[in-house]
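Q: quick check, what structure comes out for this input:
(chains A and B, ligands or ions: 2)
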Protein chains: 2
Amino acid sequence: MADAIMFDRIALIGIGLIGSSIARAILRADLTRELAISDASPQHLSEAEKLELGHSFHHDPVEAVQDADLVILCTPVGTYRTIGEQIAPALKAGAIVSDVGSVKEHVVDTLQDVLPAHVDFIPGHPISGTEKSGPRHGFAELFDNRFCILTPTEDASQQAVDRLKALWEAIGSEVEIMDAKHHDLVLAITSHVPHLIAYNIVGTADDLESVTKSEVIKFSAGGFRDFTRIAASDPIMWRDVFLNNRDAVLEMLGRFLEDLSMLQRAVRDSDGEMLESLFTRTRNIRRSIIDAGQETDAPDFGRQHHAETDSE
Amino acid sequence: MADAIMFDRIALIGIGLIGSSIARAILRADLTRELAISDASPQHLSEAEKLELGHSFHHDPVEAVQDADLVILCTPVGTYRTIGEQIAPALKAGAIVSDVGSVKEHVVDTLQDVLPAHVDFIPGHPISGTEKSGPRHGFAELFDNRFCILTPTEDASQQAVDRLKALWEAIGSEVEIMDAKHHDLVLAITSHVPHLIAYNIVGTADDLESVTKSEVIKFSAGGFRDFTRIAASDPIMWRDVFLNNRDAVLEMLGRFLEDLSMLQRAVRDSDGEMLESLFTRTRNIRRSIIDAGQETDAPDFGRQHHAETDSE
Ligand SMILES: NC(=O)c1ccc[n+]([C@@H]2O[C@H](COP(=O)([O-])OP(=O)(O)OC[C@H]3O[C@@H](n4cnc5c(N)ncnc54)[C@H](OP(=O)(O)O)[C@@H]3O)[C@@H](O)[C@H]2O)c1
Ligand SMILES: NC(=O)c1ccc[n+]([C@@H]2O[C@H](COP(=O)([O-])OP(=O)(O)OC[C@H]3O[C@@H](n4cnc5c(N)ncnc54)[C@H](OP(=O)(O)O)[C@@H]3O)[C@@H](O)[C@H]2O)c1
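A: Ligands and ions are numbered 1, 2, ... in the order given. This is a model prediction of the structure:
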């Protein structure tokens, strides 16, 4: 399999859910000779070592990026500036620097300021994940059949973009090239606003006096529990997403709220026709998502029906 | 198994997802001698017959309820008045009449007006379902380990309530007795408003010009696709829910919107502390729901990762 090697040395900074999934997928396909791993959390780093997720493990990111041909930041986007400043002097000329952050424009601006001109900076974002965090929860198949968006800066060489694209394809993804600003708008509606709404309704339900917490829990199978999944996602990661994609999130949230006002009025006015027509239209989108291979067709997400039998 | 018999004759009006699941669960546990099935849809009725979901099949609900000891309405709540008026003269004295509708107060009022005094009317609502409709998609395990709420009227005899409770327990559910008005408030937050929001965001995404439909579909794995599941639920059923639980829905929606305004302001003001504290608090509710056996602990709902391999 020596001919699968794509980069001699790859450094991953952050070995949580996404970093550890990339590590597993890289090892699965034998895409590097030397996988260097760094994480600020001593616990995650030693967990990663026990799980044999790489060849070397470094508390100090500077050690990890030394001599690396590819460096991927897999930490919350709020950490990028500090990490960028730390590793900048140690980056090899010609190295590719990338990331997996859920926000792109602000991140591109931040890192571009601190990275040296002799590296190719190509931001990325795999559109796949789960609500879990940490190296234990990663898995090699996470990116299979999912999309990864790259938002290369103007300065990045086409050759470098092609190499990074090939890596993501080798770990299972389909790659789309996009402008960073447009990425942020698209993800605001397909990911960030959905998370905001989910966090919000779970918060609302938690706050009520007229309905007890125990009632919310017992009767959550009516739909509410679906929202609790994404509202259980990592707080720091999501705080950083909203702090760094404010404008696009507010724009899409504004659209959502406009539509919700109309829907609220339809409920108030008992406008059955309007309700039925919206509820009919929304069915089709799910069908298209299933047909595009981005969702399961199994009823109820294929949830195990006996909750007690499927604990980890 | 003859001693499992709880009712000599049971009639189910409506043999869709819920009706057919009840039928399967009743047959599984051998709880009746004669299961009579009625549905307005000739196609569903003949499908039910092919699937052997009962002992007799009737286009006319009057035939089905003839001599029945228990009648359960399993149609959209908007159909109740008409069905009630049709079957009222044919109901046997001492029969129990129940339903599975997602709304209770308005339904109780409607049916109570038309049902004869010589039956025990005990509205019900199983808190379990999927986004699919029709007899094909039902399954006997749907109610296992889920709650069923009964909202008996003051006139109903305790003995009748006990008998209906025992039936639901025999088909797998835990029964809670509740006031109809309170039911509607609880379900507004655990089910109706979540559906309204899900329908709404899917509608918003479908309407955008700045983000194409193909982008919404491709990148839906970021969170959006979760919402498409409940937004693919039956349009008629859900229209009827909102038409019949207006006040509680508007009240809970009002609370949701108040909280969302605060969250919107936190995003606008880059209030990272507020965001992080909400996002941390919401994690716990999911944990409680999982611990209560009402949700799977598997990451991503245990979704099959390879969408292409799990089509029906
Ligand atoms: N989760 C998803 O669904 C998903 C999907 C696509 C993209 N992303 C992006 O992927 C990135 C990582 O998310 P994740 O879900 O993998 O999070 P995660 O599981 O929490 O992993 C992040 C890891 O980075 C470590 N870390 C934090 N600050 C650091 C620093 N300054 N230097 C080195 N390591 C540091 C964390 O340690 P501590 O836990 O001790 O802080 C943790 O081990 C984020 O930028 C996110 O936007 C996530
Ligand atoms: N789905 C859920 O998750 C869920 C959960 C709890 C409670 N419920 C409640 O259960 C009830 C049924 O929902 P469902 O999901 O089972 O819906 P469904 O799968 O669409 O089944 C409803 C069945 O009733 C038939 N029907 C409609 N009008 C009728 C009439 N006037 N007389 C006789 N049959 C008629 C329908 O035929 P057509 O299809 O031809 O109209 C269909 O076969 C609703 O009241 C709903 O609120 C649903």
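
Q: only alpha carbons, please: show stretch A:133-142 as CSV.
A: C-alpha atoms of stretch A:133-142 as CSV (Å, rounded to 0.1, in the frame of the first residue of the first chain):
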residue,chain,number,x,y,z
SER,A,133,-17.0,15.1,21.4
GLY,A,134,-13.6,13.7,22.0
PRO,A,135,-11.2,11.1,20.5
ARG,A,136,-13.2,8.1,21.7
HIS,A,137,-16.2,9.0,19.6
GLY,A,138,-14.5,9.4,16.2
PHE,A,139,-14.7,6.8,13.6
ALA,A,140,-13.1,6.3,10.2
GLU,A,141,-16.4,6.2,8.3
LEU,A,142,-17.5,9.6,9.4
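
Q: wait, isn't residue A:150 in contact with residue A:166?
A: No - look at residue A:150 against residue A:166 with Cβ atoms under 8 Å: they stay out of range, at 11.3 Å. The way it works is simple: take the backbone N, C-alpha and C, and place the C-beta from them, glycine included.

Q: between these two, who's got more neighbours?
A: Between residue A:150 and residue A:166, residue A:150 has the larger neighbour count (other Cβ atoms under 10 Å in any protein chain shown), namely 21 against 12.

Q: excluding chain neighbours, what is closest to residue A:181?
A: Distances taken as Cβ to Cβ, 6 or more residues apart in numbering or on different chains put residue A:105 closest to residue A:181, at 5.1 Å, once the chain neighbours are dropped.

Q: you'd agree that neighbour is up against residue A:185?
A: No - judged on Cβ under 8 Å, residue A:105 makes no contact with residue A:185 at a distance of 9.5 Å.

Q: which neighbours do these two share?
A: Counting by Cβ atoms under 8 Å, 6 or more residues apart in numbering or on different chains, residue A:105 and residue A:185 have no contacts in common.

Q: and the two? which has more neighbours close in?
A: More neighbours surround residue A:185 than the other of residue A:105 and residue A:185, with 23 against 20 (other Cβ under 10 Å).

Q: which positions in the helix or strand hosting the more buried one come out as buried?
A: Element membership of residue A:185 [criterion: DSSP states H and E] is helix A:180-187. When neighbours are counted by 16 or more other Cβ atoms under 10 Å in any protein chain shown, the buried residues of helix A:180-187 are found to be A:180, A:182-187.

Q: including pLDDT and distance to ligand 1, could those go into a markdown table?
A: A markdown table is the format used below for the buried residues of helix A:180-187 (pLDDT from 0 to 100; distance: Cβ to the nearest ligand atom, whole Å):
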| residue | pLDDT | distance to ligand 1 |
| --- | --- | --- |
| A:180 | 97 | 14 |
| A:182 | 98 | 17 |
| A:183 | 98 | 12 |
| A:184 | 98 | 12 |
| A:185 | 98 | 17 |
| A:186 | 98 | 14 |
| A:187 | 98 | 9 |
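
Q: and chain B, which of the residues you listed reach it?
A: Among those, the residues lying close to chain B (Cβ under 8 Å from any Cβ of the partner chain) are A:185-187.

Q: of the residues you listed, closest to chain B?
A: residue A:186 (5.0 Å; Cβ to the nearest Cβ).

Q: contacting residues for that closest one?
A: With Cβ under 8 Å, 6+ apart, residue A:186 has these contacts: A:178, B:211, B:215-216, B:219.

Q: pick out the most distant pair among those residues.
A: Using Cβ to Cβ, these reach their maximum pairwise distance at A:178 and B:216, which is 13.9 Å.

Q: neighbour count: the two, which is higher?
A: Ranked by neighbour count (other Cβ under 10 Å), residue A:178 and residue B:216 place residue B:216 first, with 23 against 20.

Q: quick one: contacts for the more buried one?
A: A:186, A:189-190, A:285, B:205-206, B:208, B:224.

Q: is it true that it lies in a helix?
A: Yes - counting by DSSP: H, G, I helix; E, B strand; the rest coil, residue B:216 is located in a helix.

Q: nearest spatial neighbour of the closest residue to ligand 2 within chain A, chain-adjacent residues omitted?
A: Nearest to ligand 2 in chain A, going by Cβ to the nearest ligand atom, is residue A:222, at a distance of 7.4 Å. The shortest distance from residue A:222 to any non-neighbouring residue, by Cβ to Cβ, 6+ apart, is to residue B:191 (2.9 Å).

Q: any low-confidence regions in the stretch 201-312 of chain A?
A: By pLDDT under 70, the weakly predicted segments of the stretch 201-312 of chain A are A:305-312.

Q: repeat that with 50
A: Within the stretch 201-312 of chain A, the ranges that satisfy pLDDT under 50 run A:306-312.

Q: name the residues of it found near ligand 1, please.
A: Counting by Cβ under 6 Å from any ligand atom, the positions of the stretch 201-312 of chain A adjacent to ligand 1 are A:234, A:237.

Q: where along the stretch 201-312 of chain A do the helices fall?
A: In the stretch 201-312 of chain A, the helices defined using DSSP state H, counting those that start in this stretch lie at A:213-218, A:224-230, A:235-244, A:246-268, A:272-291.

Q: out of those, nearest to residue B:142?
A: Checking those against residue B:142 by Cβ to Cβ gives helix A:224-230 as the closest, at 15.3 Å.

Q: which helices and strands sit right next to that closest one?
A: helix A:193-207, helix B:193-207, helix B:224-230, helix B:272-291 (3 or more Cβ pairs under 8 Å, 6 or more residues apart in numbering or on different chains; DSSP states H and E).

Q: list the buried ones in the last one?
A: The neighbour-count check on helix B:272-291 (16+ other Cβ under 10 Å) flags B:274-276, B:278-279, B:281-283, B:285-286, B:288-290 as buried.
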